[in-house]
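Q: Give the three-dimensional model of this entry:
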Amino acid sequence: MINGVVHQIKNLWNRRDLIKYFVKTDLKIIYKNKLFGFLWAIFDPLMMMAVYIILVVFIFRRGGPQFPILLFTALLSWRWFIYSLSGAVTSVQGKGKLIQSVLFPKAVLPFSRVVVGMINFFFGLAVLIPLLFFFHANISWNICWLPVVILIQFFLTAGAALICATLGVYFHDMENIIQYGLRLWFYLSPGLYAVADRIPDRFVPIYMLNPFAALFNSYKNILVYGTLPSGYLIFTALLAIVFFIFGLVYFNSKEPDFAKVV
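A: Next up is the predicted model:
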């Protein structure tokens, strides 16, 4: 199994030019003929943030002075994840003719969606940085942990995307299931609220089994509070590796059948 995983990773690396091609194509399709073009990568999370701020701050009278950037930090991370999974679930299924006529490692299809999601994440991050100063975030050397947290999310997202892409080939309603499942997952994660405010202490260790509980907390800690990432991030890192390996193995085991099924 290990040899198979290593071979798959080498395959993806050797076909990085193909991944770049699919990434560029996806970006052109997403922003083609749109008035603001690539600026939508910035406007979209900002508008999502505005909706939640109106709901939480002005209607429910919750939040605090730093709530907007805490929320924006979580939304950037979550937007990367939902874009990757929503795109990955149809990435193989929607390329039937290409798969049947061209020989290439099919894992590049969901993998390229993850990369596009990450690029959009970096666009949003460029907007978040000045907002951190505007909302008086506590900037410290702990921000150096940011690449580590991003890398952990990358492997978690890539693994989940590979699993969703495989399931999407056989179950065409997976796109709808993923849509509602992700919506529920977000509300079960500390994006709109803080763990300390909503979760009783005795349930925190169980709650933190949710990988996005540790990811959201870690992004908030290092970017806004200036503290270390969540201690539960170690568990999330291990889970990300397991997801990634399982995703590669599962995708690879079904790949020979894709041309017959799609």
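
Q: Off-centre distance for the top helix by length along the chain?
A: Criterion DSSP state H: the longest helix present in the chain is helix 108-134. Centroid displacement of helix 108-134 relative to its chain, using CA atoms, centre = their mean, to the nearest Å, is 9 Å.

Q: for the next helix or strand after that helix, which positions count as buried?
A: Of the helices and strands lying after helix 108-134 in sequence (DSSP states H and E), the nearest is helix 146-170. Neighbour-count burial for helix 146-170, counted by 16 or more other CB atoms under 10 Å, picks out 149-150, 152-169. No exception for glycine: its C-beta is placed from N, CA and C like everyone else's.

Q: now stretch 230-239
A: 230, 232, 233, 235, 236, 237, 239.

Q: Next, the contact list for the closest residue to residue 148 other than its chain neighbours, please.
A: Closest residue to residue 148 apart from its sequence neighbours, by CB to CB, 6 or more residues apart in numbering: residue 229 at 7.4 Å. By CB atoms under 8 Å, 6 or more residues apart in numbering, the contact list for residue 229 reads 142, 145, 148, 149, 214, 217, 218, 221, 222.

Q: for residue 229, helix, strand, or coil?
A: Three-state call for residue 229 (DSSP: H, G, I helix; E, B strand; the rest coil): coil.

Q: Narrow the buried residues of stretch 230-239 to those in helices?
A: 233, 235, 236, 237, 239.

Q: And those residues, which two are furthest apart?
A: The span of those, defined through CB to CB, is set by 233 and 239 at 10.2 Å.

Q: quick one: which of the buried residues of stretch 230-239 is nearest residue 256?
A: The nearest member of the buried residues of stretch 230-239 to residue 256, counting by CB to CB, is residue 239 at 28.1 Å.

Q: I figured that closest one hits residue 153, correct?
A: No - the criterion here is CB atoms under 8 Å, and residue 239 misses it with residue 153 at 11.3 Å.

Q: for residue 135, phi and psi?
A: Dihedral pair for residue 135: phi -100, psi 20, per degrees, to the nearest 10.
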